[in-house]
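Visitor: coordinates only, sequence not included:
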């Protein structure tokens, strides 16, 4: 039953080893939703603007939606795509699917038919949940048209009005579904989440996460930041990214409150902080940079915040330190994770800024990390090389992508993250860049990350990116792209003088500067360096 019965599975030996070690349990997401609905029924599970759903209300809504899905023919193991912003209905759909054994397949909001078709076909999606038509994008019409390209797509479920003929109303399903117990419950080894790592090529890299992976990661992560039922957790990245979905699941497992922000702007962020009073904020470094440069923090109260935790991209230390100065009772820290392994490291909240601002912290309990050289052999503490990870949250394999499996796994359970990093004697991991981003200037390998961090600290700069520019003699040179503070200016001479003052060797200075009105970004707020390279051409 279901469309992904052939999905990669961990071996029986690995399953027994992880269960015996206590990293894996038989719990599912619904185990925790039912627990908190029983123990704290009136506690807010979700706050979104003027809307509040308690845990008992979330459980009931999820159950009604689960029954409504079964009523239209969605079965256990089927994949249902969701292309919605961070609204309560997203979480209800996620929990409803988890309750009846379906798999949520996340699709980023900016994606259109050209991006959606290969992803949905690869995942064999049976239904798609989307928003109502707007002036800019008719999502339902796009979804119905995709039926011609995605042979498994049977149902289009729409949040809002109008609902086209042949479609289903998400609101009606949530409100009108039967409030009956589900005849079966998913097992801990069943998949519950499907996310794509990046790209929309003919062979996408899709990762399935089972309940065991999700729950084990939540239980390992919560204690690292002291997450408790008293916390109000605000997430800025989209739920359609594994970072966003995981944090939501972490909050529910802890019995905490999810404080939603459906679309990021600096003003929306500071207003939500002031009026929603979050204790923990998860965001991308780009969110912090934009909010700092807006100047809005000077007139808003951030005293409720205990922790601001960045992820999804490297956070320049200057940005982390600057934002922390606005937290009278809090601090900034970082985590590091990826779709294939979920959360990998977290900076200990009680560590000093030299750790919280300059590293991604230490591995979660039970995960092994190592640094390897170009020959694949392990390197000593402090050496820079490729970061590899092994343990109970590593994927069993990509969905229908043997080439990605061969490239990703190094053997004996070790997974290549594709990141450059160092690990010090205390186990603190510093992500120093991406292997694919290294620039080869006449045989000299230049990692652009620290150059970008230095430039981002300049008062005129919002964001910076260093990319390779083809050169007939040297092969590649460094080109610096900058997004500037409104009204500010920065010349190449200004940038190189700034780097010289920071002690950066001349051979690593950029040799061209390009100012852009806005950096091209992924839906998860990472700079699209490939798009910048295309502009040079």
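Guide: Happy to help now that I have it. Treat the numbers as computed from the prediction; the structure is a model and nothing was measured.
Visitor: against which helices or strands is the worst-scoring helix or strand of the chain on mean pLDDT packed?
Guide: Least confident helix or strand, the chain: strand 444-446 with a mean of 87, by mean pLDDT, DSSP states H and E. With contacts taken as 3 or more Cβ pairs under 8 Å, 6 or more residues apart in numbering; DSSP states H and E, strand 444-446 sits against strand 439-441. For every residue, glycine as well, the C-beta is placed using N, CA and C.
Visitor: who's sitting farthest from the centroid in this structure?
Guide: residue 473 (39.5 Å; Cα atoms, centre = their mean).
Visitor: I'd assumed that residue was in a helix, is it?
Guide: No. Read with DSSP: H, G, I helix; E, B strand; the rest coil, residue 473 is coil and lies in no helix.
Visitor: what's the separation between the residue lying closest to it once chain neighbours are set aside and residue 470?
Guide: Distances taken as Cβ to Cβ, 6 or more residues apart in numbering place residue 442 nearest to residue 473, at 7.5 Å, with adjacent residues excluded. Counting by Cβ to Cβ, to the nearest Å, the gap from residue 442 to residue 470 is 13 Å.
Visitor: likewise residue 254?
Guide: With Cβ to Cβ as the criterion, residue 254 and residue 470 are 50 Å apart.
Visitor: these two: which is more packed in?
Guide: residue 254 (23 against 12; other Cβ atoms under 10 Å).
Visitor: from memory that one sits against residue 227, does it?
Guide: Yes. The pair residue 254 and residue 227 qualifies as a contact (Cβ atoms under 8 Å) at a distance of 4.5 Å.
Visitor: need the residues touching each of those two.
Guide: Taking Cβ atoms under 8 Å, 6 or more residues apart in numbering as the contact criterion, no residue touches both residue 254 and residue 227.
Visitor: for the residue farthest from the centre of the chain, give me the pLDDT.
Guide: Looking at residue 473, its pLDDT is 86.
Visitor: if I look at it, how far off is residue 116?
Guide: 43 Å.
Visitor: just residue 143 next, same as before
Guide: Distance from residue 143 to residue 116, by Cβ to Cβ: 8 Å.
Visitor: same question for residue 181.
Guide: 34 Å.
Visitor: average model confidence for stretch 315-328?
Guide: In the prediction, stretch 315-328 has an average pLDDT of 95.
Visitor: identify the residues contacting that stretch?
Guide: For stretch 315-328, using Cβ under 8 Å, 6+ apart, the contacting residues are 285, 288-289, 291-292, 297, 302-303, 305, 308, 310, 330-334, 353, 356-358, 452-453, 456-457.
Visitor: which of those residues are buried, as a PyMOL select command?
Guide: To isolate the buried members of those in PyMOL, using 16 or more other Cβ atoms under 10 Å:
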select buried, resi 285+288+289+291+292+297+302+305+308+310+330+331+332+333+334+356+357+358+452+453+456+457
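Visitor: quick one: contacts for the nearest residue to residue 528 once chain neighbours are set aside?
Guide: Spatial nearest neighbour of residue 528, chain neighbours left out: residue 520 (4.2 Å); criterion: Cβ to Cβ, 6+ apart. Going by Cβ under 8 Å, 6+ apart, residue 520 touches 527, 528, 531, 532.
Visitor: could I get the pLDDT score of the first one?
Guide: Put plainly, it is residue 527. 92.
Visitor: does it touch residue 533 like I think?
Guide: No. The criterion here is Cβ under 8 Å, and residue 527 misses it with residue 533 at 11.4 Å.
Visitor: who's more crowded, those two?
Guide: Counted by other Cβ under 10 Å, residue 527 and residue 533 do not tie: residue 527 has more neighbours, with 20 against 16.
Visitor: how close does the more buried one get to residue 413?
Guide: Taking Cβ to Cβ, one finds residue 527 at 32 Å from residue 413.
Visitor: mind listing what the residue nearest to residue 473 touches?
Guide: Under the criterion of Cβ under 8 Å, 6+ apart, the contact list for residue 442 reads 473, 474, 475.
Visitor: turn those into TSV, including distance to residue 20.
Guide: Shown next, in TSV, are the contacts of residue 442 (distance: Cβ to Cβ, whole Å):
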residue	distance to residue 20
473	59
474	55
475	52
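Visitor: between the residues you listed, which is closest to residue 8?
Guide: residue 475 (38.5 Å; Cβ to Cβ).
Visitor: where exactly do the helices run in the stretch 51-200 of the chain?
Guide: Per DSSP state H, counting those that start in this stretch, the stretch 51-200 of the chain carries helices over the ranges 55-71, 88-100, 113-123, 139-146, 170-176.
Visitor: and those helices: which comes nearest residue 371?
Guide: helix 113-123 (32.5 Å).
Visitor: buried stuff in that closest one?
Guide: Here helix 113-123 shows 115, 116, 117, 118, 119, 120, 121, 122, 123 as buried, counting by 16+ other Cβ under 10 Å.
Visitor: quick one: least confident of those?
Guide: For these, the pLDDT minimum is residue 115, 87.
Visitor: how near is it to residue 159?
Guide: Residue 115 is 20 Å from residue 159, by Cβ to Cβ.
Visitor: again with residue 527
Guide: For residue 527, the distance to residue 159 - Cβ to Cβ - is 30 Å.
Visitor: which residues in the stretch 101-250 of the chain form strands?
Guide: In the stretch 101-250 of the chain, the strands defined using DSSP state E, counting those that start in this stretch lie at 103-106, 125-131, 155-159, 168-169, 191-196, 206-210, 232-235.
Visitor: any weak-confidence spans in the protein?
Guide: Low-confidence segments of the chain (pLDDT under 70): 1-3, 5, 198-203.
Visitor: pop the domain breakdown of it in here.
Guide: Per the record, the chain has its domains at 12-44+54-210, 264-434, 438-536, by automatic domain parsing.
Visitor: could you work out the end-to-end span of the first one for me?
Guide: When the termini of domain 12-44+54-210 are compared using Cα to Cα, to the nearest Å, they are 14 Å apart.
Visitor: go on, the second one?
Guide: Counting by Cα to Cα, the length from the leading to the trailing residue of domain 264-434 is 26 Å.
Visitor: check the shortest one too.
Guide: One end of domain 438-536 to the other measures 17 Å (Cα to Cα).
Visitor: same check on stretch 220-231?
Guide: 17 Å.
Visitor: list the contacts of that stretch.
Guide: 23, 36, 40, 43, 233, 250-251, 253-257, 279-280, 307, 309, 333, 343, 346, 348-349, 361, 364-366.
Visitor: buried residues in it, which are they?
Guide: So for stretch 220-231, counting by 16+ other Cβ under 10 Å, buried means 220, 221, 222, 224, 225, 227, 231.
Visitor: same check on stretch 434-446?
Guide: 434, 437, 438, 439, 441, 446.
Visitor: try stretch 138-147
Guide: 138, 139, 140, 142, 143, 144, 146.
Visitor: of these, closest to residue 418?
Guide: Closest to residue 418, out of all of the buried residues of stretch 138-147 and judged by Cβ to Cβ, is residue 146, at 30.6 Å.
Visitor: identify the residues contacting the closest one.
Guide: 113, 116, 117, 120, 128, 153.
Visitor: and the residue nearest to the last one when sequence neighbours are not counted, how close does it get to residue 117?
Guide: Ranked by Cβ to Cβ, 6+ apart and with sequence neighbours excluded, the top spatial neighbour of residue 153 is residue 147, at 5.0 Å. Here the distance between residue 147 and residue 117 works out to 10 Å (Cβ to Cβ).
Visitor: and residue 279, by the same measure?
Guide: Counting by Cβ to Cβ, the gap from residue 279 to residue 117 is 41 Å.
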